[in-house]
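Q: Need the 3D shape of this:
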Amino acid sequence: MKNLVFIPTYWTFEKGKVSSVFDHPVLYSKRGTLGRTLKSFINKGMKHDILILPVPLHRNIESKVKHITEKFPKLNIRVLVREDYKKIINEARRLNLTREFRRQINVKDYGNVRNIGLIYGLKQGYDNIIMVDDDEVVEDDNYFKKALEGIGVKIKGKFLLGKTGYYLNEKGTYKLTQLNPEIRKLWLKETYINKAISNAIKHKQRFNHTSIALGGNMVINSKLFRKVPFDPYNTRGEDTDYMINAKHFGHLFLMDKQLTIKHLPPKKIKPYWSKLRQDTYRFVYLREKMHYLNISIKDVSPYPAYFLRKNLIRKIIKTNVNYAKANLKRGGYKDCQEYLKNASEILDDAREYAKNNAKKYFKFQKEWIKYAKSIQNKPL
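A: Modelled structure (predicted):
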């Protein structure tokens, strides 16, 4: 078995920049958390190849990431750089893929970033890809052994080709704290994520149905990623969306209750209205896409189903108005305006975007299958 550990690492040059969809890119001037992640691999029986993708692909960031990785000579690390990316793009042109398909091979959103990992996995002939994020720490000595357990095994008549584990926080629990429950009384995201994980790990058996997937703790077999890509039109929530897509196409994707990794994200440098804005696009898009999936709302309950029902628009408007009022009271006029913008212009744009793009993934997926066959075992 040939296995790859794929780690995207996110950076920014501008403090407070909010145009990106990424949650907490590290300031270029800071040390970042990637080194901590790689250090945690030592003495964990980690013998797999590692691919690190710097985002954005910029010469200074590539240089910094390489400098970090040079401190770990015992790990077999490759940093994907602009030259590699250009080779991928040029190859896509030679294969006469549609312009729309080629446009989606980029590092602008989470789904696109993860697809670069899949493309590399296809080209290098890996059997499995273990996805880890750059703000995580492996504490379980058997993590990499556990990551591959169950993959390819037949469970209830189907081969397990994809699985997710879950995150532990600094307190050693998966439970998130529900922030601002009064203001967010219609936006109980943390509460419903907790319920989803609880439902998936409460059973005696190790592998269970899940309505949620966590991209920094996922394992995907080549028989799955040859046929199912991440949705490049979904700006965030690409992990749970991938699990939904896999199930739509008839593949088995489960929660491994023994697969845990510690999640220690850096302090966020973006205001909360930015996160709400991206979640608006995400949930409006997924709700529209659900019309074309052979997955019922029950299959994704309690989360993300909580955000996919008829009252989603009311939830978006009410939550943003509540935040606008709270910011107005304390003199946060700029933030107040941004929350109100979320409840009006952004919401309208999100609905339009969803209607125009929700069907596109299925065409992208068909072309992906042809693309995967063309590039398989053709190394960079």
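
Q: Can you list the low-confidence ranges for this protein?
A: Flagging of the chain using pLDDT under 70 yields the residue ranges 15-20.

Q: if we go to 90?
A: Per-residue confidence for the chain (pLDDT under 90) gives these ranges: 1, 13-24, 26-27, 45, 96, 156, 179, 181, 235, 266-271.

Q: The residue nearest to residue 328 when sequence neighbours are not counted: neighbour count?
A: In space, not counting the residues next to it along the chain, residue 328 is nearest to residue 336; the distance is 4.7 Å by CB to CB, 6 or more residues apart in numbering. Backbone N, C-alpha and C define where each C-beta goes, glycine included. With neighbours defined by other CB atoms under 10 Å, the count for residue 336 comes to 19.

Q: Tell me the secondary structure of residue 336, please.
A: Per DSSP: H, G, I helix; E, B strand; the rest coil, the secondary structure class of residue 336 is helix.

Q: need the contact list for it.
A: When the contact criterion is CB atoms under 8 Å, 6 or more residues apart in numbering, the partners of residue 336 are 324-325, 327-328.

Q: Check residue 119 too.
A: For residue 119, the contact set (CB under 8 Å, 6+ apart) comprises 88, 105, 375.

Q: Doesn't residue 10 belong to a strand?
A: Yes: the assignment for residue 10 is a strand, going by three-state DSSP.

Q: I figured it hits residue 21, correct?
A: No: here residue 10 lies out of contact with residue 21, judged by CB atoms under 8 Å, at a distance of 10.2 Å.

Q: quick one, which of those two is more surrounded?
A: Residue environment comparison for residue 10 versus residue 21 gives the larger neighbour count to residue 10, 24 against 18, counting by other CB under 10 Å.

Q: So what's the residue count around the closest residue to the more buried one other than its chain neighbours?
A: If the residues on either side of it in the chain are set aside, residue 10 comes closest to residue 25, at 4.1 Å by CB to CB, 6+ apart. Neighbour count of residue 25, defined by other CB under 10 Å: 22.

Q: And for residue 314?
A: 11.

Q: residues touching the residue nearest to it when sequence neighbours are not counted, list them.
A: Residue nearest to residue 314 in three dimensions, not counting chain neighbours: residue 186, with 7.2 Å by CB to CB, 6+ apart. Each residue near residue 186 by CB under 8 Å, 6+ apart is listed here: 311, 314-315, 318-319.

Q: Helices along the stretch 51-200 of the chain, start to end?
A: Counting by DSSP state H, counting those that start in this stretch, the stretch 51-200 of the chain has these helices, from start to end: 59-69, 82-94, 99-103, 110-124, 143-148, 189-201.

Q: you'd agree residue 254 is in a strand?
A: Yes: according to three-state DSSP, residue 254 belongs to a strand.

Q: beta partners for it?
A: Legend: beta-bridge partners of residue 254 under DSSP bridges are residue 163.

Q: Surely it is in contact with residue 210?
A: Yes: between residue 254 and residue 210 there is a contact under CB under 8 Å: 6.3 Å.

Q: list the residues that contact both of these two?
A: Taking CB under 8 Å, 6+ apart as the contact definition, residue 254 and residue 210 share the neighbouring residues residue 164.

Q: Other residues contacting stretch 87-105?
A: Contacts of stretch 87-105 from elsewhere in the structure, counted by CB under 8 Å, 6+ apart, are 112, 115-116, 119, 232-233, 360, 363-364, 367-368, 371, 374-375, 378, 380.

Q: cutoff 6 Å now
A: Applying CB atoms under 6 Å, 6 or more residues apart in numbering, the set of residues contacting stretch 87-105 from outside is 232, 367, 374, 380.

Q: Apart from its chain neighbours, what residue comes closest to the second one?
A: The shortest distance from residue 367 to any residue that is not its chain neighbour, by CB to CB, 6+ apart, is 4.8 Å, and that residue is residue 101.

Q: And the third one, by the same measure?
A: Distances taken as CB to CB, 6+ apart place residue 95 nearest to residue 374, at 5.3 Å, with adjacent residues excluded.

Q: From the contacts of residue 119, pick the one nearest residue 150.
A: When those are compared for distance to residue 150 (CB to CB), residue 375 wins out at 27.5 Å.
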